[in-house]
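Trainee: Structure for this input, please:
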Amino acid sequence: MHLRPADAFATPDQPAYPSKNNKHGKLIANADGSVDLYFGPKAPAGKEDNWIATVPKKGWFACLRLYGSLEPWYDKTWRPGEIDLYYSDKITRIATTDT
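Mentor: Below you'll find the model as predicted:
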């Protein structure tokens, strides 16, 4: 997952185009093998390994890149999860996709 901000930005902890992937760095998987990513100016407590930094009051686009996609992607039996708005322990659905 890559973020493409309206203006390129960098922080000491994140490159100009922040990203996370399963080949570089550490991602914490859920019990079912899925991975939750968190976007925001500050990492949620205990979720730092799955956090991608954003700049407050700046827009960004999430780009999912797949390499070596398997048949479930092509036959549409798998798709990425929705993006949810996360406030502490409360999660609110903010984006839906109909395919």
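Trainee: Go ahead and confirm Pro18 touches Phe61.
Mentor: No - in this structure, Pro18 is not within contact of Phe61 by C-beta atoms under 8 Å, at 12.0 Å. Bear in mind the C-beta positions are built from the backbone N, C-alpha and C, glycine included.
Trainee: Have a look at the two and say which one is more surrounded.
Mentor: Pro18 (21 against 9; other C-beta atoms under 10 Å).
Trainee: so what's that one closest to, chain neighbours aside?
Mentor: Nearest non-adjacent residue to Pro18, counting by C-beta to C-beta, 6 or more residues apart in numbering: Ile52, 4.7 Å away.
Trainee: do the same with Trp78
Mentor: In space, Trp78 is closest to Pro72, 3.7 Å off (C-beta to C-beta, 6+ apart).
Trainee: any idea which element the one you found lies in?
Mentor: helix 71-74 (DSSP states H and E).
Trainee: what bits of this protein have low per-residue confidence?
Mentor: 1-17, 86-99 (pLDDT under 70).
Trainee: mind listing the strands for it?
Mentor: 2-5, 38-40, 51-53, 60-63, 84-87, 90-93 (DSSP state E).
Trainee: Pull the residues that contact the helix holding Pro72.
Mentor: 66, 78-79 (C-beta atoms under 8 Å, 6 or more residues apart in numbering).
Trainee: Could you export the residues you listed to a markdown table, including columns for neighbour count?
Mentor: Formatted as a markdown table, these follow (neighbours: other C-beta atoms under 10 Å):
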| residue | neighbour count |
| --- | --- |
| Leu66 | 8 |
| Trp78 | 11 |
| Arg79 | 11 |
